[in-house]
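Asker: I'd like to go over a predicted model; first the sequence, then the structure.
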Amino acid sequence: MRIVLTLAVRDEADIIEANIRYHLDAGVDFVVATDHRSTDGTTEILRGYERDGHLHLIRQHDEAFRQTEWVNGMARLAAAVFGADWVINADADEFWWPHSGTLHDVFAAVPARYGAIRGIWRHFVLRPEGTAPFYERMVVRCAPALEPVDPYCANAKVAHRADPDVRVSRGSHDAFGQRLTLFREWAPFEILHFPIRSHGHLERKYAINEAGHRLAGADLVPRHVAHIAKSLQENPKHVYGGLLVDDAALEEGLADGSLTVDTRLRDRLRGDCVTPPSLAGDVAFAQEVDAMLTLDSALRLLARVDSFERRLAAVEAKRGG
């Protein structure tokens, strides 16, 4: 079995090396990466892995952030050129962690009738800054929100069987193809997610992403990106302060159960022994899967209603004409 990881990145020098190193050690066989106008050293890190034969690098210089187009191109390339059996479409801030077994164990266990399986985001919160790498500082995980504009909302992404004609949805939340039936009720992956890593990263990320998505098409700006970018323009200190978990907030969150200390990625990247999940950890994971399914069902229903209303409006407009 051959597993290929795809990455679409821009200015991720603080995390990209850890991401690739983690996934190669975890069982990924090859990486296809699209670098979008990076200027912070990200490109040089990717080129190092390319020289070592672990990665195929694509450079994109267009100012528009054509994420879905690029992810689809990489996923199809993984199938048609790089011999993938399974493809994981990830962002630089996502670490796909099997809840049980290894990457290969999970994919080998998928029944033949299914071609897409899910991982759920498990969000790690912004902590006070320092000189240590992100994975040393960010060892606190929060419960997911049910509001789609929240950067820590409940959500899932899919890994899929390789298909040269695959259609990956915006955000890599779905994959469509002849053999890509979603195994909807099973979420064998936790996606350890580090979306906001510093004050500077917060302001750069959402300003650049919002502008890039807008250049690709105003309707392509994700709701949470548009919301946070607007909030940052209005009151950046308030946004940062609301996301930062200092020691006092950590103590309060641990007491009420909204925060959890989770050192797994830190320990893995250090080469230390990783503590297996406890019963309480399994229950917490099940609760977050349930939250994801609840939000997912609501969003899919809204999408169907919106699609129906658009078709109805088109029919009525044609009749009126």
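Answerer: Arrived safely.
Asker: so where's the stretch 51-200 of the chain shaky on pLDDT?
Answerer: Along the stretch 51-200 of the chain, no part satisfies pLDDT under 70.
Asker: strands along that one, start to end?
Answerer: Counting by DSSP state E, counting those that start in this stretch, the stretch 51-200 of the chain has strands at residues 55-60, 86-90, 94-98, 116-123, 140-142, 156-161, 167-168, 175-176, 189-193.
Asker: most tightly packed of those?
Answerer: Greatest average neighbour count among those goes to strand 86-90 (a mean of 27), per mean count of other Cβ atoms under 10 Å. The C-beta positions use only the backbone N, C-alpha and C, and glycine is treated the same way.
Asker: parallel or antiparallel, which strands does that one pair with?
Answerer: Strand pairing for strand 86-90, determined by DSSP bridges: strand 3-9 (parallel), strand 156-161 (antiparallel).
Asker: ends of stretch 62-70, what's the gap?
Answerer: By Cα to Cα, to the nearest Å, the extent of stretch 62-70 from end to end equals 12 Å.
Asker: which outside residues touch it?
Answerer: Applying Cβ atoms under 8 Å, 6 or more residues apart in numbering, the contact partners of stretch 62-70 are 8, 10, 34, 36-37, 58, 60, 168-170, 209, 211-213, 215-216, 220.
Asker: what ranges does this structure have for its helices?
Answerer: 16-26, 42-51, 67-80, 103-109, 134-137, 199-216, 223-234, 236-243, 247-256, 264-270, 279-320 (DSSP state H).
Asker: mind listing what's buried in the fourth one?
Answerer: Taking 16 or more other Cβ atoms under 10 Å as the neighbour-count basis, helix 103-109 is seen to contain the buried residues 103-104, 106-107.
Asker: just the shortest one next, same as before
Answerer: Burial within helix 134-137, assessed by neighbour count using 16+ other Cβ under 10 Å, is assigned to 134-135, 137.
Asker: between the helices of the chain, which one is nearest to G115?
Answerer: helix 103-109 (10.8 Å; Cβ to Cβ).
Asker: roughly how far is that closest one from the heart of the chain?
Answerer: Computed by Cα atoms, centre = their mean, to the nearest Å, the chain-centroid distance of helix 103-109 equals 20 Å.
Asker: with just CA atoms, put that helix into CSV.
Answerer: Extracted as CSV, the C-alpha positions of helix 103-109 are listed here (Å, rounded to 0.1, in the frame of the first residue of the first chain):
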residue,chain,number,x,y,z
LEU,A,103,-1.9,4.8,9.0
HIS,A,104,-1.5,1.5,7.1
ASP,A,105,-3.6,-0.4,9.6
VAL,A,106,-6.5,2.1,9.2
PHE,A,107,-6.5,2.1,5.4
ALA,A,108,-6.1,-1.7,5.2
ALA,A,109,-9.2,-2.0,7.5
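Asker: just the buried ones from the contacts of stretch 62-70?
Answerer: Among those, those buried by neighbour count (16+ other Cβ under 10 Å) are 8, 10, 34, 36-37, 58, 60, 168, 209, 212-213, 216, 220.
Asker: now tabulate the residues you listed in TSV and tack on distance to A248.
Answerer: Output for the buried ones among the contacts of stretch 62-70, formatted as TSV (distance: Cβ to Cβ, whole Å):
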residue	distance to A248
A8	37
R10	34
T34	41
H36	38
R37	39
I58	45
Q60	43
V168	42
N209	30
G212	36
H213	35
A216	41
L220	39
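Asker: closest to H99 among the residues you listed?
Answerer: Distance to H99 across the buried ones among the contacts of stretch 62-70 (Cβ to Cβ) is lowest for V168, with 22.7 Å.
Asker: T34 and E129, how far apart?
Answerer: As judged by Cβ to Cβ, to the nearest Å, T34 and E129 stand 29 Å apart.
Asker: got the contact list for the closest residue to F134 other than its chain neighbours?
Answerer: Take F134 and drop its neighbours on the chain: the residue closest to it by Cβ to Cβ, 6 or more residues apart in numbering is R197, 4.7 Å away. By Cβ under 8 Å, 6+ apart, R197 lies in contact with 14-15, 93, 126, 134, 138.
Asker: 10 Å instead?
Answerer: The contact partners of R197, taken as Cβ atoms under 10 Å, 6 or more residues apart in numbering, are 12, 14-15, 93, 124, 126-127, 129, 133-135, 137-138, 205.
Asker: could you do D296 as well?
Answerer: 118, 120, 154-156, 173-174, 184.
Asker: roughly how far does the residue nearest to F134 sit from V81?
Answerer: In terms of Cβ to Cβ, R197 sits 33 Å off from V81.
Asker: try P151
Answerer: 34 Å.
Asker: P111 now?
Answerer: 27 Å.
Asker: who has more neighbours out of those two?
Answerer: More crowded of P111 and V81, by other Cβ atoms under 10 Å: V81, with 12 against 9.
Asker: so that one makes contact with I58?
Answerer: No. Between V81 and I58 there is no contact under Cβ atoms under 10 Å: 11.7 Å.
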